[in-house]
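1. Okay, here's the prediction I keep looking at, along with the sequence it came from:
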Amino acid sequence: MSEDVLLPPQETTTDTATVARDASGTALRQIALSFLRLGTTAFGGPAAHIAMMEEEFVRRRGWVSHADFLDMLGASNLVPGPSSTEMAIHIGHQRAGWRGLVVAGVCFILPAMLIVMACAWAYVAFGSLPQVQSVLYGVKPVIIAVVLRALWGLGRTAIKSSFLLAVGLLGTAAGIAGGNVLVILLAAGLVTVFQAWIKERRLSANSFALPMPIKPLIVATGMLAATVPITLSALFLLFLKFGAVIFGSGYVLLAFLQADLVDRLHWLTQAQLLDAVAVGQVTPGPVFTTATFIGYLLGGVRGAVVATVGIFLPGFLFVAASRPLIPRIRRSKIAAAFLDGVNVGAVALMIAVTWQLSRAALVDFPTVAIAALSAVVLIYFRINSAWLIFAGGLVGLVATRWLGA
(Lines give C-alpha, C1' and ligand atoms only; values in the text may rest on other atoms or scores of the structure.)
Protein backbone atom coordinates (compact mmCIF):
# COMPACT_ATOMS: atom_id res chain seq x y z
CA MET A 1 0.00 0.00 0.00
CA SER A 2 1.58 3.20 -1.14
CA GLU A 3 1.46 6.27 0.99
CA ASP A 4 -0.04 9.36 -0.54
CA VAL A 5 1.88 12.40 0.50
CA LEU A 6 -0.43 15.31 0.96
CA LEU A 7 1.28 18.47 -0.08
CA PRO A 8 0.06 21.83 1.19
CA PRO A 9 -2.07 23.67 -1.37
CA GLN A 10 -0.23 26.13 -3.57
CA GLU A 11 -0.66 29.81 -2.77
CA THR A 12 -3.19 31.18 -5.25
CA THR A 13 -3.98 34.54 -3.79
CA THR A 14 -2.97 37.39 -6.05
CA ASP A 15 -0.75 40.10 -4.67
CA THR A 16 -2.85 43.24 -4.96
CA ALA A 17 0.22 45.46 -5.15
CA THR A 18 1.61 43.37 -8.03
CA VAL A 19 -1.66 43.65 -9.96
CA ALA A 20 -1.69 47.40 -9.39
CA ARG A 21 1.90 47.69 -10.62
CA ASP A 22 1.09 45.63 -13.73
CA ALA A 23 -1.97 47.77 -14.47
CA SER A 24 0.04 50.94 -13.96
CA GLY A 25 2.80 49.65 -16.23
CA THR A 26 0.26 48.80 -18.94
CA ALA A 27 -1.31 52.26 -18.68
CA LEU A 28 2.11 53.93 -18.91
CA ARG A 29 3.00 51.88 -22.01
CA GLN A 30 -0.30 52.85 -23.63
CA ILE A 31 0.31 56.51 -22.81
CA ALA A 32 3.88 56.38 -24.12
CA LEU A 33 2.94 54.73 -27.43
CA SER A 34 -0.09 56.97 -28.00
CA PHE A 35 1.78 60.21 -27.43
CA LEU A 36 4.88 59.10 -29.33
CA ARG A 37 2.63 58.51 -32.33
CA LEU A 38 0.83 61.83 -31.85
CA GLY A 39 4.12 63.67 -31.49
CA THR A 40 5.21 62.20 -34.82
CA THR A 41 2.02 62.91 -36.78
CA ALA A 42 0.46 65.98 -35.11
CA PHE A 43 0.91 68.65 -37.78
CA GLY A 44 -1.00 71.92 -37.84
CA GLY A 45 -0.35 73.71 -34.55
CA PRO A 46 -2.11 73.63 -31.15
CA ALA A 47 -5.69 73.62 -32.47
CA ALA A 48 -4.96 70.56 -34.62
CA HIS A 49 -3.09 68.82 -31.81
CA ILE A 50 -6.00 69.32 -29.42
CA ALA A 51 -8.42 68.04 -32.06
CA MET A 52 -6.33 64.89 -32.55
CA MET A 53 -6.20 64.32 -28.78
CA GLU A 54 -9.98 64.71 -28.59
CA GLU A 55 -10.39 62.12 -31.31
CA GLU A 56 -7.89 59.69 -29.78
CA PHE A 57 -8.63 59.92 -26.07
CA VAL A 58 -12.28 61.00 -25.93
CA ARG A 59 -13.85 59.31 -28.95
CA ARG A 60 -11.66 56.27 -29.64
CA ARG A 61 -10.18 55.23 -26.29
CA GLY A 62 -12.67 56.77 -23.87
CA TRP A 63 -9.94 57.75 -21.40
CA VAL A 64 -11.45 61.20 -20.89
CA SER A 65 -15.04 62.49 -21.10
CA HIS A 66 -15.93 65.50 -23.20
CA ALA A 67 -16.65 67.48 -20.02
CA ASP A 68 -13.29 66.60 -18.41
CA PHE A 69 -11.49 67.31 -21.69
CA LEU A 70 -13.00 70.79 -21.78
CA ASP A 71 -12.04 71.44 -18.16
CA MET A 72 -8.46 70.44 -18.95
CA LEU A 73 -8.49 72.70 -22.01
CA GLY A 74 -9.73 75.63 -19.95
CA ALA A 75 -7.08 75.07 -17.28
CA SER A 76 -4.36 74.76 -19.93
CA ASN A 77 -5.35 78.05 -21.50
CA LEU A 78 -5.24 79.86 -18.16
CA VAL A 79 -1.56 79.14 -17.47
CA PRO A 80 1.51 80.00 -19.57
CA GLY A 81 3.12 77.54 -21.92
CA PRO A 82 2.14 75.49 -24.98
CA SER A 83 -1.52 74.57 -24.52
CA SER A 84 -1.46 71.34 -26.55
CA THR A 85 1.55 70.01 -24.63
CA GLU A 86 -0.17 70.89 -21.36
CA MET A 87 -3.25 69.02 -22.59
CA ALA A 88 -1.06 65.96 -23.13
CA ILE A 89 0.28 66.32 -19.60
CA HIS A 90 -3.26 66.63 -18.18
CA ILE A 91 -4.43 63.51 -20.02
CA GLY A 92 -1.40 61.54 -18.86
CA HIS A 93 -2.16 62.46 -15.25
CA GLN A 94 -5.81 61.56 -15.65
CA ARG A 95 -4.83 58.12 -16.96
CA ALA A 96 -1.90 57.16 -14.75
CA GLY A 97 -1.23 59.76 -12.09
CA TRP A 98 2.02 61.64 -11.70
CA ARG A 99 4.08 59.14 -13.68
CA GLY A 100 1.57 59.38 -16.50
CA LEU A 101 1.88 63.18 -16.35
CA VAL A 102 5.63 62.97 -17.04
CA VAL A 103 5.45 60.15 -19.61
CA ALA A 104 2.71 61.82 -21.69
CA GLY A 105 4.48 65.17 -21.83
CA VAL A 106 7.91 63.74 -22.62
CA CYS A 107 6.61 61.35 -25.27
CA PHE A 108 4.63 64.11 -27.02
CA ILE A 109 7.65 66.42 -27.08
CA LEU A 110 10.41 63.90 -27.89
CA PRO A 111 9.56 63.00 -31.54
CA ALA A 112 9.16 66.67 -32.48
CA MET A 113 12.42 67.55 -30.75
CA LEU A 114 14.32 64.85 -32.66
CA ILE A 115 12.76 65.84 -36.01
CA VAL A 116 13.54 69.53 -35.45
CA MET A 117 17.08 68.64 -34.36
CA ALA A 118 17.56 66.72 -37.62
CA CYS A 119 16.29 69.77 -39.54
CA ALA A 120 18.72 71.97 -37.62
CA TRP A 121 21.59 69.63 -38.48
CA ALA A 122 20.63 69.77 -42.17
CA TYR A 123 20.35 73.56 -41.96
CA VAL A 124 23.83 73.89 -40.48
CA ALA A 125 25.35 71.29 -42.80
CA PHE A 126 23.77 72.38 -46.09
CA GLY A 127 22.60 75.94 -45.42
CA SER A 128 18.98 75.30 -46.40
CA LEU A 129 15.74 73.86 -45.04
CA PRO A 130 14.19 70.55 -46.11
CA GLN A 131 11.63 71.05 -48.86
CA VAL A 132 8.32 70.06 -47.31
CA GLN A 133 5.84 72.37 -49.05
CA SER A 134 4.56 69.63 -51.34
CA VAL A 135 3.71 67.41 -48.38
CA LEU A 136 2.08 70.26 -46.46
CA TYR A 137 -0.08 71.13 -49.48
CA GLY A 138 -1.99 67.89 -48.86
CA VAL A 139 -1.64 67.70 -45.08
CA LYS A 140 -3.13 71.11 -44.22
CA PRO A 141 -6.62 70.43 -45.63
CA VAL A 142 -6.76 67.17 -43.63
CA ILE A 143 -5.88 69.12 -40.49
CA ILE A 144 -8.80 71.49 -41.13
CA ALA A 145 -11.19 68.53 -41.30
CA VAL A 146 -9.79 67.02 -38.09
CA VAL A 147 -10.15 70.30 -36.21
CA LEU A 148 -13.70 70.91 -37.45
CA ARG A 149 -14.78 67.45 -36.31
CA ALA A 150 -13.31 68.05 -32.85
CA LEU A 151 -14.92 71.49 -32.62
CA TRP A 152 -18.34 69.98 -33.30
CA GLY A 153 -18.04 67.65 -30.31
CA LEU A 154 -16.39 70.16 -27.97
CA GLY A 155 -18.81 72.92 -28.91
CA ARG A 156 -21.86 70.78 -28.17
CA THR A 157 -20.47 70.04 -24.70
CA ALA A 158 -19.25 73.56 -23.91
CA ILE A 159 -22.32 75.52 -25.08
CA LYS A 160 -24.81 74.70 -22.35
CA SER A 161 -27.08 77.74 -22.76
CA SER A 162 -27.94 80.53 -25.14
CA PHE A 163 -25.87 82.88 -22.98
CA LEU A 164 -22.76 80.72 -23.43
CA LEU A 165 -23.51 80.59 -27.15
CA ALA A 166 -23.45 84.40 -27.24
CA VAL A 167 -20.18 84.44 -25.28
CA GLY A 168 -18.70 81.96 -27.74
CA LEU A 169 -19.75 84.02 -30.76
CA LEU A 170 -18.25 87.18 -29.27
CA GLY A 171 -15.06 85.31 -28.39
CA THR A 172 -14.79 83.96 -31.93
CA ALA A 173 -15.19 87.45 -33.38
CA ALA A 174 -12.56 88.81 -31.00
CA GLY A 175 -10.19 85.98 -31.91
CA ILE A 176 -10.60 86.57 -35.64
CA ALA A 177 -10.00 90.29 -35.05
CA GLY A 178 -6.67 89.48 -33.40
CA GLY A 179 -7.61 89.94 -29.75
CA ASN A 180 -5.26 88.88 -26.97
CA VAL A 181 -5.73 85.21 -26.05
CA LEU A 182 -5.58 85.68 -22.28
CA VAL A 183 -7.88 88.72 -22.34
CA ILE A 184 -10.51 86.80 -24.34
CA LEU A 185 -10.40 83.82 -21.97
CA LEU A 186 -10.56 85.92 -18.81
CA ALA A 187 -13.33 88.11 -20.24
CA ALA A 188 -15.39 85.04 -21.14
CA GLY A 189 -14.92 83.62 -17.66
CA LEU A 190 -15.69 86.86 -15.82
CA VAL A 191 -18.77 87.63 -17.91
CA THR A 192 -20.10 84.15 -17.19
CA VAL A 193 -19.38 84.58 -13.46
CA PHE A 194 -21.27 87.88 -13.47
CA GLN A 195 -24.22 86.24 -15.20
CA ALA A 196 -24.19 83.40 -12.64
CA TRP A 197 -24.07 85.93 -9.79
CA ILE A 198 -27.02 87.82 -11.20
CA LYS A 199 -28.91 84.55 -11.55
CA GLU A 200 -28.18 83.36 -8.03
CA ARG A 201 -28.65 86.85 -6.47
CA ARG A 202 -25.72 86.36 -4.18
CA LEU A 203 -21.94 86.27 -4.12
CA SER A 204 -20.27 82.98 -3.40
CA ALA A 205 -18.02 82.92 -0.36
CA ASN A 206 -15.62 80.66 -2.21
CA SER A 207 -13.37 82.97 -4.21
CA PHE A 208 -11.50 81.52 -7.11
CA ALA A 209 -7.94 82.18 -8.13
CA LEU A 210 -5.58 79.95 -10.01
CA PRO A 211 -2.10 79.79 -8.51
CA MET A 212 0.14 81.81 -10.77
CA PRO A 213 3.62 81.83 -9.16
CA ILE A 214 5.05 83.47 -12.23
CA LYS A 215 6.45 86.83 -11.21
CA PRO A 216 9.42 85.59 -9.13
CA LEU A 217 10.36 83.20 -11.92
CA ILE A 218 10.16 85.98 -14.53
CA VAL A 219 12.38 88.26 -12.48
CA ALA A 220 14.95 85.60 -11.65
CA THR A 221 15.27 84.14 -15.13
CA GLY A 222 15.19 87.57 -16.76
CA MET A 223 18.09 88.79 -14.61
CA LEU A 224 20.16 85.64 -14.97
CA ALA A 225 19.60 85.25 -18.70
CA ALA A 226 20.55 88.80 -19.55
CA THR A 227 24.17 87.83 -20.07
CA VAL A 228 25.67 88.29 -23.53
CA PRO A 229 28.01 85.24 -23.78
CA ILE A 230 26.27 82.12 -25.10
CA THR A 231 26.50 79.48 -22.39
CA LEU A 232 24.31 76.45 -21.70
CA SER A 233 23.14 77.91 -18.39
CA ALA A 234 22.21 81.23 -20.01
CA LEU A 235 20.40 79.38 -22.81
CA PHE A 236 18.45 77.30 -20.30
CA LEU A 237 17.41 80.29 -18.19
CA LEU A 238 16.38 82.32 -21.21
CA PHE A 239 14.08 79.60 -22.56
CA LEU A 240 12.85 78.85 -19.04
CA LYS A 241 11.68 82.47 -18.93
CA PHE A 242 9.90 82.07 -22.27
CA GLY A 243 8.10 78.94 -21.09
CA ALA A 244 7.05 80.67 -17.86
CA VAL A 245 5.53 83.81 -19.33
CA ILE A 246 4.25 83.11 -22.85
CA PHE A 247 0.51 82.61 -23.30
CA GLY A 248 -0.96 81.52 -26.60
CA SER A 249 0.67 80.21 -29.74
CA GLY A 250 4.06 80.07 -31.36
CA TYR A 251 3.33 83.46 -32.92
CA VAL A 252 3.57 84.98 -29.43
CA LEU A 253 6.89 83.16 -28.98
CA LEU A 254 8.14 84.87 -32.14
CA ALA A 255 7.82 88.29 -30.51
CA PHE A 256 9.84 87.19 -27.48
CA LEU A 257 12.53 85.57 -29.63
CA GLN A 258 12.83 88.72 -31.72
CA ALA A 259 13.16 90.97 -28.66
CA ASP A 260 15.69 88.86 -26.75
CA LEU A 261 17.70 86.81 -29.23
CA VAL A 262 17.89 89.24 -32.15
CA ASP A 263 17.51 92.75 -30.74
CA ARG A 264 18.97 92.49 -27.22
CA LEU A 265 21.51 89.66 -27.20
CA HIS A 266 22.32 89.50 -30.94
CA TRP A 267 22.66 85.72 -30.76
CA LEU A 268 20.64 85.21 -33.97
CA THR A 269 20.19 87.06 -37.22
CA GLN A 270 16.71 87.96 -38.46
CA ALA A 271 16.99 85.35 -41.23
CA GLN A 272 17.97 82.60 -38.77
CA LEU A 273 15.02 83.46 -36.53
CA LEU A 274 12.56 83.26 -39.43
CA ASP A 275 14.03 79.92 -40.52
CA ALA A 276 13.74 78.62 -36.93
CA VAL A 277 10.08 79.64 -36.71
CA ALA A 278 9.39 78.08 -40.14
CA VAL A 279 10.82 74.75 -39.00
CA GLY A 280 8.70 74.86 -35.84
CA GLN A 281 5.59 75.50 -37.94
CA VAL A 282 6.09 72.82 -40.60
CA THR A 283 7.25 69.93 -38.37
CA PRO A 284 4.84 67.84 -36.27
CA GLY A 285 4.38 68.26 -32.55
CA PRO A 286 4.55 71.39 -30.38
CA VAL A 287 5.41 74.65 -32.14
CA PHE A 288 7.60 75.50 -29.14
CA THR A 289 10.19 73.05 -30.50
CA THR A 290 11.40 76.14 -32.34
CA ALA A 291 13.55 76.29 -29.19
CA THR A 292 15.22 73.02 -30.22
CA PHE A 293 16.27 74.50 -33.56
CA ILE A 294 17.65 77.68 -31.97
CA GLY A 295 19.40 75.71 -29.24
CA TYR A 296 21.15 73.58 -31.87
CA LEU A 297 22.28 76.65 -33.79
CA LEU A 298 23.69 78.22 -30.62
CA GLY A 299 25.05 75.19 -28.78
CA GLY A 300 24.86 72.02 -30.84
CA VAL A 301 23.07 68.93 -29.51
CA ARG A 302 23.52 69.96 -25.87
CA GLY A 303 22.17 73.41 -26.65
CA ALA A 304 19.13 71.87 -28.36
CA VAL A 305 18.37 69.67 -25.35
CA VAL A 306 18.92 72.47 -22.83
CA ALA A 307 16.69 74.94 -24.72
CA THR A 308 13.94 72.32 -25.14
CA VAL A 309 13.95 71.36 -21.47
CA GLY A 310 13.95 75.03 -20.46
CA ILE A 311 10.93 76.08 -22.51
CA PHE A 312 8.78 73.03 -21.66
CA LEU A 313 9.62 72.59 -17.96
CA PRO A 314 7.29 75.38 -16.69
CA GLY A 315 4.35 73.69 -18.44
CA PHE A 316 4.86 70.51 -16.40
CA LEU A 317 5.04 72.54 -13.20
CA PHE A 318 1.97 74.65 -13.99
CA VAL A 319 -0.13 71.59 -14.84
CA ALA A 320 1.01 69.79 -11.69
CA ALA A 321 0.00 72.84 -9.64
CA SER A 322 -3.39 73.31 -11.32
CA ARG A 323 -4.51 69.65 -11.49
CA PRO A 324 -5.85 69.46 -7.88
CA LEU A 325 -7.88 72.64 -8.41
CA ILE A 326 -10.13 71.37 -11.21
CA PRO A 327 -12.45 69.26 -8.95
CA ARG A 328 -12.62 72.13 -6.42
CA ILE A 329 -13.56 74.55 -9.17
CA ARG A 330 -16.46 72.34 -10.21
CA ARG A 331 -17.80 72.21 -6.63
CA SER A 332 -18.13 76.00 -6.45
CA LYS A 333 -20.95 77.55 -8.45
CA ILE A 334 -19.05 80.75 -9.16
CA ALA A 335 -15.78 79.00 -9.98
CA ALA A 336 -17.62 76.47 -12.16
CA ALA A 337 -19.29 79.32 -14.02
CA PHE A 338 -15.87 80.89 -14.57
CA LEU A 339 -14.52 77.62 -15.99
CA ASP A 340 -17.61 77.25 -18.22
CA GLY A 341 -16.89 80.69 -19.65
CA VAL A 342 -13.21 79.90 -20.16
CA ASN A 343 -14.12 76.62 -21.89
CA VAL A 344 -16.42 78.44 -24.30
CA GLY A 345 -13.69 81.04 -24.84
CA ALA A 346 -11.19 78.28 -25.62
CA VAL A 347 -13.53 76.73 -28.20
CA ALA A 348 -14.10 80.21 -29.67
CA LEU A 349 -10.35 80.73 -30.03
CA MET A 350 -10.02 77.34 -31.73
CA ILE A 351 -12.74 78.38 -34.20
CA ALA A 352 -10.91 81.65 -34.89
CA VAL A 353 -7.61 79.84 -35.43
CA THR A 354 -9.32 77.30 -37.69
CA TRP A 355 -10.78 80.14 -39.77
CA GLN A 356 -7.33 81.64 -40.20
CA LEU A 357 -5.77 78.26 -40.99
CA SER A 358 -8.47 77.39 -43.51
CA ARG A 359 -7.81 80.59 -45.46
CA ALA A 360 -4.18 79.52 -45.82
CA ALA A 361 -4.85 75.81 -46.38
CA LEU A 362 -7.89 75.77 -48.71
CA VAL A 363 -6.39 77.66 -51.62
CA ASP A 364 -7.81 75.82 -54.63
CA PHE A 365 -10.17 73.06 -55.71
CA PRO A 366 -7.86 70.10 -54.84
CA THR A 367 -7.32 71.31 -51.28
CA VAL A 368 -11.05 71.92 -50.75
CA ALA A 369 -11.73 68.43 -52.12
CA ILE A 370 -9.14 66.88 -49.76
CA ALA A 371 -10.71 68.64 -46.77
CA ALA A 372 -14.25 67.60 -47.72
CA LEU A 373 -13.29 63.97 -48.35
CA SER A 374 -11.34 63.85 -45.09
CA ALA A 375 -14.37 65.16 -43.19
CA VAL A 376 -16.60 62.48 -44.72
CA VAL A 377 -14.11 59.71 -43.89
CA LEU A 378 -13.71 60.94 -40.31
CA ILE A 379 -17.45 61.19 -39.68
CA TYR A 380 -18.68 58.02 -41.37
CA PHE A 381 -15.73 55.62 -41.18
CA ARG A 382 -14.02 56.77 -37.95
CA ILE A 383 -10.58 56.16 -39.41
CA ASN A 384 -7.58 57.28 -37.37
CA SER A 385 -6.59 60.80 -38.40
CA ALA A 386 -2.90 59.81 -38.55
CA TRP A 387 -3.62 57.67 -41.62
CA LEU A 388 -5.49 60.54 -43.24
CA ILE A 389 -2.55 62.87 -42.61
CA PHE A 390 -0.18 60.36 -44.20
CA ALA A 391 -2.51 59.97 -47.19
CA GLY A 392 -2.86 63.75 -47.47
CA GLY A 393 0.92 64.11 -47.61
CA LEU A 394 1.13 61.57 -50.45
CA VAL A 395 -1.67 63.32 -52.35
CA GLY A 396 0.16 66.61 -51.87
CA LEU A 397 3.35 65.16 -53.33
CA VAL A 398 1.52 63.75 -56.32
CA ALA A 399 -0.53 66.92 -56.93
CA THR A 400 2.43 69.29 -56.77
CA ARG A 401 5.11 67.18 -58.46
CA TRP A 402 3.20 65.46 -61.24
CA LEU A 403 -0.10 67.32 -61.66
CA GLY A 404 1.27 70.84 -61.25
CA ALA A 405 -1.19 71.91 -58.53
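-> In hand now; what should we look at?
2. Determine the longest helix present in the chain.
-> helix 83-126 (DSSP state H).
3. Which helix or which strand is home to His266?
-> Counting by DSSP states H and E, there is no helix or strand that carries His266.
4. Grab the most central residue of this structure for me.
-> Ser84 (0.8 Å; Cα atoms, centre = their mean).
5. Moving C-terminal from the longest helix of the chain, which element do we reach first?
-> Next element after helix 83-126 (DSSP H and E): helix 133-158.
6. Looking at that following helix now, give me its mean pLDDT.
-> Helix 133-158 carries an average pLDDT of 78.
7. How confident was the prediction at the residue nearest to the centre of the chain?
-> 88.
8. Repeat that for the one 5 residues further on.
-> We note a pLDDT of 95 for Ile89 in this prediction.
9. Tell me who's in contact with it.
-> 101, 104-105, 315-316, 319 (Cβ atoms under 8 Å, 6 or more residues apart in numbering). For every residue, glycine as well, the C-beta is placed using N, CA and C.
10. The closest residue to the residue nearest to the centre of the chain other than its chain neighbours: what's it in contact with?
-> Sequence neighbours aside, His49 is the residue nearest to Ser84 in space, at 3.6 Å (criterion: Cβ to Cβ, 6 or more residues apart in numbering). Neighbouring residues of His49 by Cβ under 8 Å, 6+ apart: 38, 42, 84, 87, 285-286.
11. mind checking how far His49 is from Thr41?
-> Separation of His49 from Thr41 (Cβ to Cβ, to the nearest Å): 10 Å.
12. pretty sure Leu28 is in contact with Ala104, am I right?
-> No. Assessed by Cβ atoms under 8 Å, Leu28 is found out of contact with Ala104, at 9.2 Å.
13. which one of these two has more residues nearby?
-> Between Leu28 and Ala104, counting by other Cβ atoms under 10 Å, Ala104 is the more crowded of the two (30 against 20).
14. need the contact list for the more buried one.
-> Contacts here follow Cβ under 8 Å, 6+ apart; on that basis Ala104 touches 31, 35, 88-89, 91-93, 95.
15. so which of these is the most crowded?
-> That'd be Ala88 among those, by other Cβ under 10 Å, with 35 neighbours.
16. That residue is in contact with Phe35, isn't it?
-> Yes. In this structure, Ala88 is within contact of Phe35 by Cβ under 8 Å, at 5.8 Å.
17. and for those two, which residues touch both?
-> With Cβ under 8 Å, 6+ apart as the test, Ala88 and Phe35 both reach 104, 108.
18. just to revisit the earlier point, wait, the residue nearest to the centre of the chain touches Pro286, no?
-> Yes. Using Cβ under 8 Å, Ser84 makes contact with Pro286 at a distance of 6.3 Å.
19. so what sits against both of the two?
-> 46, 49, 108.
20. Could you check how far the second one is from Phe35?
-> What that stands for is His49. His49 is 11 Å from Phe35, where distance means Cβ to Cβ.
21. So Phe316 versus His93, what's the distance?
-> Phe316 is 10 Å from His93, by Cβ to Cβ.
22. hey, what's in contact with both of these two?
-> Leu101.
23. what about Val309, distance to Leu317?
-> Distance from Val309 to Leu317, by Cβ to Cβ: 12 Å.
24. Please identify which of these two sits among more neighbours.
-> Val309 (18 against 15).
25. Spatially nearest residue to that one, not counting backbone neighbours?
-> Phe236 (7.0 Å).
26. residues contacting the one you found?
-> Contacts of Phe236 by Cβ under 8 Å, 6+ apart are 306-307, 309-310.
27. Same question for Leu378.
-> Leu378 neighbours (Cβ under 8 Å, 6+ apart): 55, 145-146, 149, 385, 388.
28. and the host helix or strand of Leu317, what other elements does it pack with?
-> Assigned by DSSP H and E, Leu317 belongs to helix 290-322. Judged by 3 or more Cβ pairs under 8 Å, 6 or more residues apart in numbering; DSSP states H and E, the packing partners of helix 290-322 are helix 66-78, helix 83-126, helix 232-245, helix 250-257, helix 270-282.
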